[in-house]
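S.K.: Would you be able to build a 3D model of this:
(2 chains)
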Number of protein chains: 2
Amino acid sequence: MSVRAHIWRVQIVAICVAISCLYSACSLASESLASWNAGAAKSAIIAFVERVTQQGGADYVAPVDRIAVFDNDGTLWCESPIYPQFAFALDRVAVLAPQHPEWKDQEPFKSVLAKDLKGVAATGQKGALEIVAATHAGMTSDQFTQIVTDWMAKARHPRFHQPYDKLVYQPMLELLAYLRDNGFKTYIVSGGGVEFMRPWAEQAYGIPPEQVIGSAIKLKYDVVDNVPLLVREPEIDFIDDRAGKPVGIFKALGKRPVAAFGNSDGDYEMIEWVTAREGASLGLLVHHTDADREYAYDRKSSVGQLNKGLDDADKRGWVVVDMKRDWLQVFPQ
Amino acid sequence: MSVRAHIWRVQIVAICVAISCLYSACSLASESLASWNAGAAKSAIIAFVERVTQQGGADYVAPVDRIAVFDNDGTLWCESPIYPQFAFALDRVAVLAPQHPEWKDQEPFKSVLAKDLKGVAATGQKGALEIVAATHAGMTSDQFTQIVTDWMAKARHPRFHQPYDKLVYQPMLELLAYLRDNGFKTYIVSGGGVEFMRPWAEQAYGIPPEQVIGSAIKLKYDVVDNVPLLVREPEIDFIDDRAGKPVGIFKALGKRPVAAFGNSDGDYEMIEWVTAREGASLGLLVHHTDADREYAYDRKSSVGQLNKGLDDADKRGWVVVDMKRDWLQVFPQ
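M.R.: Numbers count the residues shown, from 1 in each chain, chains lettered A, B, ... in the order given. Predicted coordinates:
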């Protein structure tokens, strides 16, 4: 390459880089959080992102460490009146019931089939594990993915009559995108099953399977008729809830995130751990205060109970989002 | 922006994109695998990468699914005469011995302190677990990271007198870079401890902590004096070896990779699973055949035993790298 050609190339590249930077900056400064009402929550989010992305600033965080973790149920999608994965399990029991005539007289299945949720609850952890074993195990991971995908396409929320994966929160979608535009890698960290979320999380949130952390049952590698399979075993491997969340994150990433978003006391330890890091951090709780547009629940709820988090948020400097006040819109149009 | 300015901008961007594409193509076509001797192994690697990256080709794999998994011990770095993590554990016993006078008369520590490796081996799995518990547990993850980092800086390989993390294979470094240049995401999938590898893997291989999958002990979240900690418990959580490797990969990624690289029967199931995927795949075994420059071992070795893999590689279409013949250089200069 001649010297002149080389100089020409360098100039073109430099102009190009300058143009892209200018356009990125413009797009970042623009209104990315359109469904967030102007207020303390929105301001805190923007202030945090500006602090950690400001080159040379005291709170600057390198892109490689810009990790943001999001609870799923009640933080990214609607978890009421019952957790969607619980609705999936109940529906699955009904589908499988013809192959199990004995379930008619056998708890917890008897209560499930009678749609008696109090009866199901009365069977406690033992009942829950039996439902998990019957509905979430005994097939390959590929088969389970298909079962979840088929259910998601057909099932409808009892109040909103929408597929569950359409009942995601518009302001949180904007927040995910805003963080990613600012160099963050976004992860789901949920008490829900990892293989229950992965089939639809990428389309719903733009979060790929390898960025979904969740509860899991044991998997077993097996080769049947020369075909390698991963078989789902009826045994809990890991519960990614409460004190399990920091553990689940560190097992997967080997790092502490800089921002954590949740809505219940199940997210307390995750937010506690993240906001205890040296340097800037952001902890945020979505408070469900909007019975008209979604649901209102907190301290005494059987789903997404938020009690200790409400008590401590202020003194810990965590942002509390008041859904009714802070969100102009709840679900996508 | 005026129409003229807009057209000008579009043109500049178009020229820029064209230049980058041209330069990428040149760099891809250039000699990326310089330490690989021309031969069947090198040709197979290049042919595979060209097939899966050819837009519109029958074997095209979208960048999001271009996942390559690498065993570590004996595949990316030297594992002889003993696994480096075992050397770490033995050194650690010696460091801790003054606090444990009882170890002088207590196996497996007695044999470790006497540098009697046969004696250590005779204590079997029970002895191994006691060594793990004494050297890998009872501290926080942050403390363990520091211990590993300090050890890596000081410890030297008994034959090559180099830090262990300098005894990585130059041809494999080139292969990692070549795959990444072609849009692959590269992961370590090792029987070694995940927290033993993460502190140095990024510098040694360019593989960040969240792309390291390995064996693990249990972690416990605890808050001591208001400081949240992750404490390493003396209990095995997961063994990422043999049939554990496909399980470990799927747990972490929710996907099946398209290329798998190993060197021992501990990698058999991982390569079996990866190469059983529909569409193009690559399975490769590094055969240690070079006693002069490194080590020669296979079917009867106590480290990195390769027996079944050698028997089946041909019929399964796996590439076997003959280190002596296929690698022009073993370690970086």
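
S.K.: mind listing what the residue nearest the centre of chain A touches?
M.R.: In chain A, the centroid-proximal residue (C-alpha atoms, centre = their mean) is residue A:72; its distance is 2.7 Å. Shown in contact with residue A:72 (C-beta atoms under 8 Å, 6 or more residues apart in numbering or on different chains): A:188, A:190, A:192, A:197, A:201, A:214. The C-beta positions use only the backbone N, C-alpha and C, and glycine is treated the same way.

S.K.: The third one: what secondary structure?
M.R.: On the three-state scheme (DSSP: H, G, I helix; E, B strand; the rest coil), residue A:192 is labelled strand.

S.K.: Let me know the pLDDT of it.
M.R.: Listed pLDDT for residue A:192 reads 97.

S.K.: OK, contacts around it?
M.R.: A:72, A:73, A:83, A:85, A:214, A:215.

S.K.: quick check, nearest of those to residue A:298?
M.R.: Proximity of the contacts of residue A:192 to residue A:298 (C-beta to C-beta) peaks at residue A:73, which lies at 14.6 Å.

S.K.: mind listing the strands for the stretch 1-150 of chain A?
M.R.: A:67-70 (DSSP state E, counting those that start in this stretch).

S.K.: Excluding chain neighbours, what is closest to the residue nearest to the centre of chain A?
M.R.: residue A:190 (3.8 Å; C-beta to C-beta, 6 or more residues apart in numbering or on different chains).

S.K.: Model confidence for the closest residue in space to residue A:51 that isn't next to it in sequence, exactly?
M.R.: Leaving aside its sequence neighbours, residue A:51 sits nearest to residue A:59 (C-beta to C-beta, 6+ apart; 4.3 Å). We have a pLDDT of 98 for residue A:59.

S.K.: from what I can see residue A:59 touches residue A:280, true?
M.R.: Yes - contact criterion C-beta atoms under 8 Å: residue A:59 and residue A:280 qualify, at 3.8 Å.

S.K.: what touches both of those two?
M.R.: Common contacts of residue A:59 and residue A:280 (C-beta under 8 Å, 6+ apart): A:51, A:52.

S.K.: The two: who's more crowded?
M.R.: It is residue A:280, of residue A:59 and residue A:280, that has more neighbours when counted by other C-beta atoms under 10 Å in any protein chain shown, with 18 against 14.

S.K.: what kind of secondary structure is that one in?
M.R.: With three-state DSSP as the criterion, residue A:280 reads coil.

S.K.: ChimeraX command for the buried members of the contacts of residue A:72?
M.R.: Buried residues within the contacts of residue A:72, by 16 or more other C-beta atoms under 10 Å in any protein chain shown, are selected in ChimeraX with:
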select /A:188,190,192,197,201,214
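
S.K.: can you list the contacts of residue A:72 in JSON lines and add distance to residue B:63?
M.R.: Listed next are those as JSON lines, based on distance: C-beta to C-beta, whole Å:
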{"residue": "A:188", "distance to residue B:63": "21"}
{"residue": "A:190", "distance to residue B:63": "26"}
{"residue": "A:192", "distance to residue B:63": "28"}
{"residue": "A:197", "distance to residue B:63": "22"}
{"residue": "A:201", "distance to residue B:63": "19"}
{"residue": "A:214", "distance to residue B:63": "25"}
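
S.K.: List of residues touching stretch A:111-128?
M.R.: Contacts of stretch A:111-128 with the rest of the structure, by C-beta under 8 Å, 6+ apart, involve A:82, A:90, A:93-94, A:97, A:103-104, A:107-108, A:110, A:130-131, A:302.

S.K.: what's the weakest-modelled helix or strand in chain A?
M.R.: In chain A, no helix or strand scores lower on mean pLDDT, DSSP states H and E than helix A:3-29, which sits at a mean of 50.

S.K.: circling back to that earlier point, between the contacts of residue A:72, which is closest to residue B:332?
M.R.: Within the contacts of residue A:72, the smallest distance to residue B:332 is 38.7 Å, found for residue A:188 (C-beta to C-beta).

S.K.: Which residues are in contact with the closest one?
M.R.: Residue A:188 sits next to A:69-72, A:76, A:197, A:201, A:205, A:207, A:211-214 when contact means C-beta under 8 Å, 6+ apart.

S.K.: let's see it at 6 Å
M.R.: Applying C-beta atoms under 6 Å, 6 or more residues apart in numbering or on different chains to residue A:188 gives the contacts A:70, A:72, A:207, A:212.

S.K.: cool, residue A:271 as well?
M.R.: Residue A:271 makes contacts with A:260, A:262, A:283, as judged by C-beta under 6 Å, 6+ apart.

S.K.: Residue of the stretch 101-250 of chain A closest to chain B, please.
M.R.: Nearest to chain B, among the residues of the stretch 101-250 of chain A, is residue A:209, at 3.3 Å (C-beta to the nearest C-beta).

S.K.: right, and that residue touches residue B:254 too?
M.R.: Yes - contact status for residue A:209 versus residue B:254: in contact at 3.3 Å, counting by C-beta atoms under 6 Å.

S.K.: so how far is residue A:74 from residue A:40?
M.R.: For residue A:40, the distance to residue A:74 equals 21 Å [C-beta to C-beta, to the nearest Å].

S.K.: Residue A:247 too?
M.R.: Where residue A:74 is concerned, residue A:247 sits at a distance of 21 Å (C-beta to C-beta).

S.K.: Settle it for me: which of these two has more neighbours?
M.R.: Taking other C-beta under 10 Å, residue A:247 and residue A:74 do not tie; residue A:74 has more neighbours (28 against 24).

S.K.: What are the buried residues along stretch A:32-48?
M.R.: A:32, A:33, A:35, A:36, A:37, A:41, A:42, A:44, A:45, A:48.

S.K.: Could you single out the nearest of the residues you listed to chain B?
M.R.: For those, the closest approach to chain B (C-beta to the nearest C-beta) belongs to residue A:48, at 19.6 Å.

S.K.: Was I right to think the closest one contacts residue A:282?
M.R.: Yes - with contact defined as C-beta under 6 Å, residue A:48 counts as touching residue A:282 (4.3 Å).

S.K.: What count of nearby residues applies to residue A:116?
M.R.: Using other C-beta under 10 Å, residue A:116 has 13 neighbouring residues.

S.K.: From residue A:123, how far out is it?
M.R.: Distance, residue A:116 to residue A:123, using C-beta to C-beta: 11 Å.

S.K.: now residue A:204
M.R.: Noted for residue A:204: a distance of 31 Å to residue A:123, by C-beta to C-beta.

S.K.: The buried residues of stretch A:32-48 also near chain B: which ones?
M.R.: With the criterion set as C-beta under 6 Å from any C-beta of the partner chain, no member of the buried residues of stretch A:32-48 is near chain B.

S.K.: what would the contacts of residue A:188 look like in CSV with distance to residue A:323?
M.R.: As requested, the contacts of residue A:188 are exported to CSV (distance: C-beta to C-beta, whole Å):
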residue, distance to residue A:323
A:70, 16
A:72, 16
A:207, 22
A:212, 24
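
S.K.: Inside helices: which ones of the residues you listed?
M.R.: Among the contacts of residue A:188, no residue falls in helices (DSSP state H).

S.K.: Tell me which residues are up against stretch A:148-161.
M.R.: Residues from elsewhere that reach stretch A:148-161 (C-beta under 6 Å, 6+ apart): A:88, A:164, A:165, A:167, A:196, A:199, A:200.
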